[in-house]
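Peer 1: Here is the input, now give the coordinates:
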Amino acid sequence: MADTSKPPHNPHDRFFRSAMENHAVAQEFMQHYLPKKISAALDLGSLKLEHDSHLDSALRETVSDLVYRCQLAGQPAYLAVLVEHQSSPDPHMPVRIGHYLFGMLTKQLKQRPKEPLAPVHALVFYHGRQTPYPYSMDLADCFEDPLGLMETLFQGPIPLVDVNQLDDEALKQQQWIGLVARVLKHIREPHIDPYLMEWLRDCASFDEHSRQQLDFIATLLNYVVGTGNVIDLDQLIEESHRLPQPIGDTFMTIATQLEARGEARGEAKGKIEGKIETARNLLQEGADPQFVAKVTGLSIDDVKRLQNHAE
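Peer 2: The predicted structure is shown next:
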């Protein structure tokens, strides 16, 4: 079987690779061709050629790589020089280089999953027949993108929604997705029952009880009753009789199915009651609420409520 880790076999590659293995050549290459910000911070004496390739099979056909471990501004970093050997340039080269760089980062992540990653930088060295290089090396230019969504790709933080930081009252104004967010926000509460009834009452206020809405409620109930800490399912069933019939019937169906599958209500109740009792005992001994929350798995808000109740 052929060794696919090797770079393309051609005289151009052999020449360039052999030359770049010479430390003086590699140092001068970095000085002249790296961006000034990088070359000015690079400790040239720290350059060390790595022997592992980071190329996948798609790139390996037309590109070879030389990866140098080095020190940038006194910190570890990796510099990759990719040599494009193909005569027909690739309009999607920026995407392929991005994939290559993330491959380098993924390898680091496997080697030291708990530590910050060393930065990586790639430079493409092209010597194909067609010149000047006919395609943009800007990643954003690889897309048909009338809104310019890709222009800021990787230039700022990735958008993130932390549902735990969202205000419940604001979420109530969003109806469908707001309800989904509230369920996910509170699913780990030690006593999910009052939340569940609130959510079902909110569902009852929806404009109409369509098939789509009832399917959504069934999905919500399956998730909450099957995953959350339901303390008294019998009481919930009793309260569900006061809901509009389609919603109450849906709840009864889900509850019956869960009981038929042997859902251990008593076991779940005993588990949460045990956590609460442990929390109370620790608080009575003067333990810090943050410590109690960490030990018991209760939320800090629940621990503080227990503390206030005891006082």
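
Peer 1: Name the spans of the stretch 101-250 of the chain whose pLDDT lies under the cut-off.
Peer 2: 207-209 (pLDDT under 70).

Peer 1: show me where the stretch 101-250 of the chain has strands.
Peer 2: Taking DSSP state E, counting those that start in this stretch, the strands of the stretch 101-250 of the chain run over residues 120-126.

Peer 1: Just the pLDDT for the closest residue in space to A73 that isn't next to it in sequence.
Peer 2: Leaving aside its chain neighbours, A73 sits nearest to A41 (4.4 Å; criterion: CB to CB, 6 or more residues apart in numbering). (Each C-beta comes from the backbone N, C-alpha and C, glycine too.) A41 carries a pLDDT value of 96.

Peer 1: thinking A41 is in contact with A77, fair?
Peer 2: No. Shown here, A41 and A77 do not form a contact pair, counting by CB atoms under 8 Å, at 9.0 Å.

Peer 1: Looking at the two, which is more packed in?
Peer 2: Remark: of A41 and A77, A77 carries more neighbours, 20 against 15, as counted by other CB atoms under 10 Å.

Peer 1: measure the residue nearest to A73 to L101 for me?
Peer 2: From A41 across to L101, the span is 19 Å (CB to CB, to the nearest Å).

Peer 1: next one: D232
Peer 2: 54 Å.

Peer 1: Around A122, count how many other residues there are.
Peer 2: A122 - counted by other CB under 10 Å - has 17 other residues nearby.

Peer 1: right, I mislabeled it, should have said V124
Peer 2: V124: 19 neighbours (other CB under 10 Å).

Peer 1: which residues touch it?
Peer 2: 82-84, 93, 97, 137 (CB atoms under 8 Å, 6 or more residues apart in numbering).

Peer 1: Restrict the residues you listed to the buried ones and give me that as a ChimeraX selection.
Peer 2: The ChimeraX selection below is limited to those of the contacts of V124 classed as buried (16 or more other CB atoms under 10 Å):
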select :82,83,84,93,97
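
Peer 1: of all the contacts of V124, which two lie farthest apart?
Peer 2: Farthest apart among the contacts of V124 by CB to CB are V83 and M137. That separation is 14.6 Å.

Peer 1: D168 - how many residues pack around it?
Peer 2: 13.

Peer 1: for the stretch 101-250 of the chain, what spans make up the helices?
Peer 2: In order along the chain, the stretch 101-250 of the chain carries the following helices (DSSP state H, counting those that start in this stretch): 168-171, 175-186, 193-204, 211-227, 233-240, 245-260.

Peer 1: out of those, deepest packed?
Peer 2: Looking across the helices of the stretch 101-250 of the chain with neighbours counted as mean count of other CB atoms under 10 Å, the highest average goes to helix 193-204: a mean of 18.

Peer 1: Now do that one: distance to the chain's middle.
Peer 2: With CA atoms, centre = their mean, to the nearest Å as the basis, helix 193-204 stands 30 Å off its chain's centre.

Peer 1: tell me the angle of it relative to helix 245-260?
Peer 2: 140 degrees (axes from the mean of the first three to the mean of the last three CA atoms, to 10 degrees).

Peer 1: and the direction of helix 193-204 versus that of helix 175-186, what angle?
Peer 2: 170 degrees.

Peer 1: how many degrees apart are helix 193-204 and helix 233-240 in direction?
Peer 2: Going by the same axes, to 10 degrees, helix 193-204 makes 30 degrees with helix 233-240.

Peer 1: What are the buried residues along stretch 39-58?
Peer 2: For stretch 39-58, by 16+ other CB under 10 Å, it's 42, 47, 53-55.

Peer 1: Residues contacting that stretch, please?
Peer 2: Here stretch 39-58 makes contact (CB under 8 Å, 6+ apart) with 4-7, 20-21, 23, 26-27, 30-31, 34, 60, 63-74, 78-80, 96, 99-100, 103-104, 107.

Peer 1: separation between A41 and L105?
Peer 2: A41 sits 20 Å away from L105, going by CB to CB.

Peer 1: just C142 next, same as before
Peer 2: 20 Å.

Peer 1: ditto for P35
Peer 2: Distance from P35 to L105, by CB to CB: 19 Å.

Peer 1: more crowded one of these two?
Peer 2: L105 (15 against 9).

Peer 1: which one is that one nearest to, not counting chain neighbours?
Peer 2: The spatially closest residue to L105, leaving aside those adjacent along the chain, is L117, at 5.7 Å (CB to CB, 6+ apart).

Peer 1: same thing with R280?
Peer 2: Nearest non-adjacent residue to R280 (CB to CB, 6+ apart): L306, at 6.0 Å.
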